[in-house]
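Q: this one's sequence-less:
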DNA sequence: CATGCGCTCGACCGATCGGTCGGGGCTCAG
DNA sequence: CTGAGCCCCGACCGATCGGTCGAGCGCATG
């Protein structure tokens, strides 16, 4: 076929390359919107080769999702284990989540799909061990921030209210933003992932959770504008 | 001959039924995840009949999306045109958005997909008039809340900060919540769409935007409710 | 040399995809 | 009656889907 000796150094990292490509494609068009042929071609392999690394499309998708969640969990764990008040750790938790999405841009979209699209996978995929692993990681992440919020409430640093409701807000405000793509850039009038936008997003969310959106009517400092 | 004033809707509600079914299915599994056969069967029609009401899958999807956006725009318009301060109107805007999603449950998921998945449609679909209509409606909605935020800032009712960033937060916190499905119910430990959950969500978001999440450190007045 | 193994491949499978086509039943105007 | 419009349908199209199969490759062992 090819007279030239193919195979630069591809033999080693094929699995990782497949995961990278699949992550990007699944993030863009979803589980049902991407074909294995397309993934294989983008990697530079034949479609059959994918089946030597993964058991099928559903398992590949779950491995991709698990890898993303694992990366995020690692970053968030650092924030949870850091020093300081619960509110300070919550700030770091938010910033770590933002950093995770800014570092690996497709993550946010992939995660949003994974979180919201429970019915996209064929039913038999729920029996795969990777499915349970994804759910476990998700539960650990959610339990971590839940404990942080409760601790903050007990310490009087966080106002009363339902921690699950706060978690929903946190996830929505962070994940949606970095998954919003073209529309988000239209709203912002600036690229989503530039260093400046990322910094601005962190500042906005930290400020939101500290003081809300309303101007503080009481004897709070206000800017002269 | 002469334009016969037929009434296309009463003669057969097929078109509306198709739209209802398609909205629900597209919301659950996305554009690529739903086949026309499945839609037709769920409606109780043959697949060919869909083509007598719509030009194809992409156009059907865009009509569904446009219908959802139209419903939402109607509700939000009422909030924008209401009486009161900008902050009061913003509260009503948020509550109207929540009501829209609570009333038509698939809306949130469909919208989240539509907003985030720009690459899911075949490229030629962007030339369809429905595509432009969807974008126009979206722009009007975004422009409306943008003006509201700026007005609130000028009136000193809303703190300084980037209105687009605030919009991203608003959308994420509301749309994600009602699109979060199974995971959201796991987080909340309660159904997403019960009257109580909807009321709680409104209260949480209004409170968030008014005072943040942190306990107010200063001598703020506590509302004696 | 031979053997086995990790990895890749093209050919092929049945099923399903979006979309087309010609025609049949229905109602209403002439 | 006869046509004209709808609305609907089953049959069919080429393309693509996820997945299987057997063989071929280079390479490390004997």
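A: Cool, the structure landed. Because the structure is a prediction, the values reported are computed rather than measured.
Q: what's in contact with the helix or strand harbouring residue A:67?
A: Secondary structure from DSSP states H and E places residue A:67 in helix A:57-80. With contact meaning CB atoms under 8 Å, 6 or more residues apart in numbering or on different chains, helix A:57-80 is reached by A:18-19, A:22-23, A:26, A:31, A:36, A:39, A:50, A:54, A:89, A:92-93, A:95-97, A:99-100, A:104, A:107, A:110-111, A:114, A:121-122, A:124-125, A:128, A:130-131, A:133-134, A:137-138, A:140-141, A:144-145, A:148. Yep, even glycine has a C-beta here, placed from its N, CA and C like the rest.
Q: repeat that for 7 Å
A: A:19, A:22-23, A:26, A:31, A:36, A:50, A:54, A:89, A:92-93, A:96-97, A:99-100, A:104, A:107, A:110-111, A:114, A:121-122, A:125, A:128, A:130-131, A:133-134, A:137-138, A:140-141, A:144, A:148 (CB atoms under 7 Å, 6 or more residues apart in numbering or on different chains).
Q: and stretch A:194-213, by the same measure?
A: The contact list for stretch A:194-213, computed with CB under 7 Å, 6+ apart, reads A:91, A:94-95, A:98, A:102, A:173-174, A:177, A:188, A:190-191, B:158-159, B:161-162, B:165-166, B:169, B:208-214.
Q: do that again at 8 Å, thanks
A: Under CB under 8 Å, 6+ apart, the answer for stretch A:194-213 is A:87, A:90-91, A:94-95, A:98-99, A:102, A:173-174, A:177, A:188, A:190-191, A:220, B:90, B:158-159, B:161-162, B:165-166, B:168-169, B:208-214.
Q: report the mean confidence score over that stretch.
A: Mean per-residue pLDDT for stretch A:194-213: 92.
Q: got the buried residues for that stretch?
A: A:197-198, A:200-202, A:204-213 (16 or more other CB atoms under 10 Å in any protein chain shown).
Q: how close does the residue of chain A found nearest DNA strand D get to DNA strand C?
A: Ranked by CB to the nearest atom of the strand, the top residue of chain A for proximity to DNA strand D is residue A:35, at 2.8 Å. With distances taken as CB to the nearest atom of the strand, to the nearest Å, residue A:35 is found 11 Å from DNA strand C.
Q: who's in contact with that residue?
A: Residue A:35 touches nothing, counting by CB under 8 Å, 6+ apart.
Q: secondary structure class of the one residue in chain A that gets nearest to DNA strand C, three-state.
A: Proximity of chain A to DNA strand C (CB to the nearest atom of the strand) peaks at residue A:48, 2.7 Å away. When classified by DSSP: H, G, I helix; E, B strand; the rest coil, residue A:48 comes out as helix.
Q: burial count for it?
A: 9 (other CB atoms under 10 Å in any protein chain shown).
Q: quick one, what contacts it?
A: Contacts of residue A:48 by CB under 8 Å, 6+ apart: none found.
Q: in the least confident helix or strand in chain A by mean pLDDT, which residues are buried?
A: Least confident element among the helices and strands of chain A, by mean pLDDT, DSSP states H and E: helix A:10-29 (a mean of 89). By neighbour count on 16+ other CB under 10 Å, the buried set for helix A:10-29 is A:14, A:17-29.
Q: off-centre distance for it?
A: 17 Å (CA atoms, centre = their mean, to the nearest Å).
Q: surely residue A:28 is in contact with residue B:119?
A: Yes: taking CB atoms under 8 Å as the definition, residue A:28 is a contact partner of residue B:119 at 4.9 Å.
Q: let me see the mean pLDDT of the longest helix along chain A.
A: Looking across chain A with DSSP state H, the single longest helix is helix A:129-154. Average pLDDT, helix A:129-154: 96.
Q: now check it, is it near chain B?
A: Yes: for helix A:129-154, a contact with chain B is found by CB under 8 Å from any CB of the partner chain, at A:138, A:142.
Q: what is that helix packed up against?
A: Helix A:129-154 makes packing contacts with helix A:57-80, helix A:86-103, helix A:163-171, helix B:181-188 when contacts are defined by 3 or more CB pairs under 8 Å, 6 or more residues apart in numbering or on different chains; DSSP states H and E.
Q: one more time with 10 Å, if that's ok
A: When contacts are defined as 3 or more CB pairs under 10 Å, 6 or more residues apart in numbering or on different chains; DSSP states H and E, helix A:129-154 sits against helix A:57-80, helix A:86-103, helix A:106-116, helix A:163-171, helix B:181-188.
Q: that one to helix B:181-188, inter-axis angle?
A: If you take axes from the mean of the first three to the mean of the last three CA atoms, to 10 degrees, helix A:129-154 sits at 40 degrees to helix B:181-188.
Q: mind listing what's buried along helix A:129-154?
A: In helix A:129-154, counting by 16+ other CB under 10 Å, buried: A:130-131, A:133-134, A:137-138, A:141-142, A:144-146, A:148-149, A:151-153.
Q: residues from chain A in reach of DNA strand D?
A: Residues of chain A lying near DNA strand D by CB under 7 Å from any atom of the strand: A:5, A:34-38, A:47-48, A:51, A:56-58.
Q: swap the cut-off to 10 Å and go again
A: A:1-2, A:5-7, A:11, A:31-41, A:46-52, A:54-61, A:122, A:124-125 (CB under 10 Å from any atom of the strand).
Q: just the buried ones from those residues?
A: By 16+ other CB under 10 Å, the residues of chain A next to DNA strand D give A:31-34, A:36, A:39-40, A:50, A:54, A:57-61, A:125 as buried.
Q: how about residue A:161: what's its closest non-neighbour residue?
A: residue B:204 (6.2 Å; CB to CB, 6 or more residues apart in numbering or on different chains).
Q: what strand or helix carries the one you found?
A: Using DSSP H and E, residue B:204 falls in helix B:195-211.
Q: angle of that helix against helix A:163-171?
A: 60 degrees.
Q: so what's the gap between helix B:195-211 and the chain middle?
A: With CA atoms, centre = their mean, you get 18 Å for helix B:195-211.
Q: quick one, that helix and helix B:86-103 angle?
A: Put simply, helix B:195-211 runs at 150 degrees to helix B:86-103, going by the same axes, to 10 degrees.
Q: for stretch A:76-87, measure first residue to last.
A: Length of stretch A:76-87, first residue to last, CA to CA, to the nearest Å: 14 Å.
Q: tell me which residues in it are buried?
A: The neighbour-count check on stretch A:76-87 (16+ other CB under 10 Å) flags A:76, A:79-80, A:86-87 as buried.
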